[in-house]
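**Student:** next come a sequence and a model predicted from it.
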Amino acid sequence: MSVQFSGWEVVDDGACFPGVTLAPAQKPQNKGIYKMFHGTSIASARAIIAGGFQPSSSGMLGKGVYMSRDVKKASNYPLLSNSSDRVIFELRVRVGRVKRIDKDNHPLQYTWSSHGYHTAWVPPNCGMKSVPSGLEEDCVFDPKRVTVVGIAKAPTTAIEKELQQLLDKSSKQPKGRAGHHKDVCPLCKRKTQQGAHHIKQKCWKCGQDICILTSNRYSGLTEEP
């Protein structure tokens with residue numbers, strides 16, 4: 001069965017409903033929005049909540065953010081780490097155009113993103129030597145397509161509570177067009193894009209630090225006649 005949704009046709013696997021859970025072997029539909037999981041360390045979990053995902057520079061599928069719809073797969077990461085330092089995020093992922101990578105030395109294994117695909121999908125038990133577990137895996141090129149929506153697992157109740165509180169606080173902060181949280185300039189009190197702070201300079205009149213975007217009504221200065 002297929003349905004029309006926003007001008008395009010998809011197989012009715014629930015892709016038109018955010019956060020749908022697919023079986024590991026079920027093919028994700030282009031433009032679907034699915035629930036997936038990502039395993040990371042406690043420190044990295046805090047950093048991801050604060051500033052978003054940073055794509056891996058390399059890996060089995062090249063550059064991108066790695067995840068799986070199989071929580072068993074996510075529970076193995078970070079590799080070689082102690083279970084007391086493992087956190088599993090629940091994600092909502094906008095997969096965009098999906099490329100199936102199901103064999104070793106696939107011609108697009110590392111270059112799928114440069115061919116117009118947003119996500120690479122490795123189906124379970126496809127026989128790839130680089131996936132000895134045989135568990136499903138995905139790589140999303142653009143981190144803005146990935147949203148942390150919850151803590152699926154944490155080593156302790158205290159850590160889970162802390163991360164959930166950070167996540168709740170983060171979700172309430174205003175966001176810019178690029179999806180990043182906005183900070184507030186301490187001088188002019190205007191919102192700034194995260195990582196792009198306003199420039200400070202000395203006021204020619206009082207000698208105090210002011211923001212270059214500060215106007216008279218913000219600084220309390222009066223114009224010279």
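**Tutor:** Perfect, I can see it now. Residues are numbered from 1 along each chain as shown.

**Student:** now residue 48: phi and psi?
**Tutor:** As for residue 48, its main-chain torsions (degrees, to the nearest 10) stand at phi -70, psi -40.

**Student:** my guess is it contacts residue 41, does it?
**Tutor:** No. Taking contact to mean Cβ atoms under 8 Å, the distance of 10.0 Å between residue 48 and residue 41 leaves them out of contact. Yep, even glycine has a C-beta here, placed from its N, CA and C like the rest.

**Student:** please identify which of those two sits among more neighbours.
**Tutor:** Just comparing residue 48 and residue 41: by other Cβ atoms under 10 Å the higher neighbour count belongs to residue 48, 23 against 15.

**Student:** tell me how far the more buried one lies from residue 65.
**Tutor:** Between residue 48 and residue 65 the distance is 10 Å, computed by Cβ to Cβ, to the nearest Å.

**Student:** hmm, who's touching stretch 97-111?
**Tutor:** Applying Cβ atoms under 8 Å, 6 or more residues apart in numbering, the set of residues contacting stretch 97-111 from outside is 27-31, 60-62, 112, 115-123, 126-130.

**Student:** now for residue 114, how many residues are close by?
**Tutor:** Once other Cβ under 10 Å is used to define contacts, residue 114 is seen to have 10 neighbours.

**Student:** and it, that one's in a helix?
**Tutor:** Yes. Remark: residue 114 belongs to a helix, assigned using DSSP: H, G, I helix; E, B strand; the rest coil.

**Student:** show me the contacts for it.
**Tutor:** By Cβ under 8 Å, 6+ apart, residue 114 lies in contact with nothing.

**Student:** which of the three states applies to residue 43?
**Tutor:** On the three-state scheme (three-state DSSP), residue 43 is labelled helix.
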